[in-house]
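Colleague: Sequence and predicted structure are below.
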Amino acid sequence: MSTIRIPPVLRAEAGNQKQVEASGETVRAVLDSLVAQYPGLRDQLLDAEGALNRFVNVYLNDQDIRYLQELDTQVTERDTIVVLPAMAGGATAGGGTR
């Protein structure tokens, strides 16, 4: 099984765990296994067609899968996958938020 690191913003949907194990031979299969275990992550990570949501970045052993074979990237039991939803917002020049 591959290790999936869960960022703080998603941990509530993953049983408050920092990392979980999921099986699969590709990133897609591992993510499918992950959302089968933790259905609350599905809408956070995937769109209605099963593709990654636009603002979710996935790394396999510190490599962005967009520069590999994306969701079809092969994984092994020793691999670590990190899912990172992009965060938006911040302060404006006046110190407030928009």
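Modeller: Structure's in. What do you need?

Colleague: If we ignore the residues flanking it in sequence, what's nearest residue 77?
Modeller: residue 1 (6.0 Å; CB to CB, 6 or more residues apart in numbering). C-beta coordinates here come from the backbone N, C-alpha and C atoms, glycine included.

Colleague: confidence score at that neighbour?
Modeller: According to the prediction, residue 1 has pLDDT 90.

Colleague: Number of residues surrounding it?
Modeller: Other residues lying near residue 1 total 14 when counted by other CB atoms under 10 Å.

Colleague: ditto for residue 35
Modeller: So residue 35, with other CB under 10 Å, has 18 neighbours.

Colleague: Is it part of a helix or strand, or is it coil?
Modeller: Recorded secondary structure, residue 35: helix (DSSP: H, G, I helix; E, B strand; the rest coil).

Colleague: Kindly report the same for residue 13.
Modeller: For residue 13, the assignment made with three-state DSSP gives helix.

Colleague: pLDDT below threshold where in the protein?
Modeller: 88-98 (pLDDT under 70).

Colleague: try 80 this time
Modeller: Along the chain, the model assigns pLDDT under 80 to residues 87-98.

Colleague: centroid residue for it?
Modeller: When the chain is reduced to its mean C-alpha position, the closest residue under CA atoms, centre = their mean turns out to be residue 83, at 2.5 Å.

Colleague: contacting residues around the closest residue to it other than its chain neighbours?
Modeller: Once flanking residues are discounted, residue 83 sits nearest to residue 58: 5.5 Å by CB to CB, 6+ apart. By CB atoms under 8 Å, 6 or more residues apart in numbering, the contact list for residue 58 reads 27, 31, 52, 64-65, 81-84.
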